[in-house]
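Chemist: 3D model of this:
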Amino acid sequence: MTNQIARSFILEQVRNRGILFGNLLPAFIFIICSWISKISLINNPDTVDYLIKGQFLPISLMMLLFTFSLSGATIYLADLKANKTYHWLKRTNVSPFTYYFGMGIGVFLLMNVSLVATLLAYALLIHISLPSFFIILLVCNFVFLAFYPTSFILAGIFKNGNVAQSMLVPILIIFMFSITMPAMFLTISGKNPQDYYIFLSWNPMLYLNDMLQYQLNIIHEMWLSYGQYAIILLFFSFVLSLFAKKIYQK
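Modeler: Here you go, the predicted model:
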C-alpha cells in the first residue's frame with residue numbers, strides 16, 4: 001500500500017508539470033548562471049570556480065531541499081488538511097501514518113532524482129569526485145530528514161495552501177540567507193565563519209553548507225565531524241516529528 005501511495009504521489013506531481021517546473025526552476029537558474037559565468041570569465045578560472053563552489057552550487061542544493069522538504073510539502077499538506085483528507089482516511093483501510101509515509105517516500109524519491117541531476121550538471125563545470133558526490137547526496141538526505149517534519153508543523157498552522165505559499169517566502173529567506181550571507185561577508189572581512197556557527201546551529205542548512213565547502217576544497221576542515229552532524233540532524237528530525245504529529249492532527 002505504501003508503494004502505491006508513493007507511486008500515486010509521484011505521478012500526481014509529474015502530471016502537474018507547471019508546478020513541478022516552477023518548483024525546480026529557481027535551483028536550475030543558478031546552473032545557467034554558472035555557465036554564463038564560466039563563459040564570460042573564461043580568463044579567470046579560479047574566480048569562476050570559487051563562485052560556483054561557494055555560491056551557486058550551495059544555493060541550488062538549498063533551494064531544492066527547501067522546495068521538497070518545506071515549500072511543496074507544506075502547500076500539499078495544507079491543502080490535504082483543508083480538504084479534510086485526514087477524516088476521509090478514517091473511513092478507509094489506509095491509516096494516516098501509511099498515507100503520509102507513502103507520500104514522504106514519493107517526496108524523497110523526487111528530491112533525490114533532482115539532486116542527482118543537479119550535481120551531474122555542476123560536475124560538467126567543476127570537479128566533483130565520486131566519493132564527494134555520494135557524501136553530498138547523503139548529507140542532503142539527512143538535512144531533508146531534519147526539515148521534513150517542519151512541513152507538517154507549518155501545514156497545521158496555515159489554513160490552506162495559498163496561505164502557506166505566501167508565508168514560505170520569508171521563511172525561505174531566513175533559512176537560506178542566514179547561512180550564505182554571513183559566511184560570505186565574514187570571509188571577505190578576513191574572519192573565520194566557523195567561529196560564529198554556534199549562533200546558526202539551529203539551521204540545518206548550516207551543516208550542509210559547511211560540508212559542501214569542505215568537500216569542494218574551499219575549507220580545510222569542517223566545524224564538526226560527519227557523525228556529529230548526523231546526530232544533530234536526526235535529533236532535529238525526532239523532536240520536530242513529535243511536534244508535527246500533535247500540531248498537524250489537532
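Chemist: S151: neighbouring residues, count only.
Modeler: Neighbour count of S151, defined by other Cβ atoms under 10 Å: 27. Placement of C-beta: from N, CA and C, glycine included.
Chemist: who touches the closest residue in space to it that isn't next to it in sequence in this structure?
Modeler: In space, and not counting its chain neighbours, S151 is closest to A73: 3.8 Å by Cβ to Cβ, 6 or more residues apart in numbering. Applying Cβ atoms under 8 Å, 6 or more residues apart in numbering, one finds that A73 lies in contact with 107, 148, 151, 155.
Chemist: give me the element A73 is part of.
Modeler: helix 72-82 (DSSP states H and E).
Chemist: Restricting to C-alpha, output that helix in PDB.
Modeler: C-alpha atoms of helix 72-82 as PDB (Å, rounded to 0.1, in the frame of the first residue of the first chain):
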ATOM      1  CA  GLY A  72       6.000  21.900  -1.900                       C
ATOM      2  CA  ALA A  73       5.300  19.500   1.000                       C
ATOM      3  CA  THR A  74       3.800  22.200   3.200                       C
ATOM      4  CA  ILE A  75       1.500  23.500   0.500                       C
ATOM      5  CA  TYR A  76       0.400  20.000  -0.400                       C
ATOM      6  CA  LEU A  77      -0.200  19.000   3.300                       C
ATOM      7  CA  ALA A  78      -2.100  22.300   4.000                       C
ATOM      8  CA  ASP A  79      -4.500  21.600   1.100                       C
ATOM      9  CA  LEU A  80      -5.000  18.000   2.300                       C
ATOM     10  CA  LYS A  81      -5.900  19.300   5.800                       C
ATOM     11  CA  ALA A  82      -8.200  22.000   4.300                       C
END
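Chemist: quick one: average pLDDT of that helix?
Modeler: Computed over helix 72-82, the mean pLDDT rounds to 77.
Chemist: what would the contacts of A73 look like in a markdown table with pLDDT?
Modeler: Shown next, in a markdown table, are these (pLDDT from 0 to 100):
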| residue | pLDDT |
| --- | --- |
| V107 | 87 |
| Y148 | 89 |
| S151 | 87 |
| A155 | 82 |
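Chemist: Near I173, how many other residues are there?
Modeler: I173 has 10 neighbours, counted by other Cβ under 10 Å.
Chemist: could you say which helix or strand contains it?
Modeler: Assignment of secondary structure by DSSP H and E places I173 within helix 161-188.
Chemist: got it, and I29?
Modeler: According to DSSP H and E, I29 maps onto helix 17-40.
Chemist: contact partners of that helix?
Modeler: 13-14, 48, 51-52, 56-57, 59-61, 63-64, 67-68, 71-72, 114, 118, 121-122, 125.
Chemist: hey, C-alpha coordinates of the next helix or strand after it in PDB?
Modeler: Counting by DSSP H and E, the next helix or strand C-terminal to helix 17-40 is helix 45-51. The C-alpha coordinates for helix 45-51 follow below in PDB (Å, rounded to 0.1, in the frame of the first residue of the first chain):
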ATOM      1  CA  PRO A  45      39.000  30.200 -13.900                       C
ATOM      2  CA  ASP A  46      39.900  30.400 -10.200                       C
ATOM      3  CA  THR A  47      37.300  33.100  -9.700                       C
ATOM      4  CA  VAL A  48      34.600  31.200 -11.500                       C
ATOM      5  CA  ASP A  49      35.500  28.000  -9.700                       C
ATOM      6  CA  TYR A  50      35.200  29.700  -6.300                       C
ATOM      7  CA  LEU A  51      31.900  31.400  -7.300                       C
END
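Chemist: In helix 45-51, which residues are buried?
Modeler: By neighbour count on 16 or more other Cβ atoms under 10 Å, the buried set for helix 45-51 is 48-49, 51.
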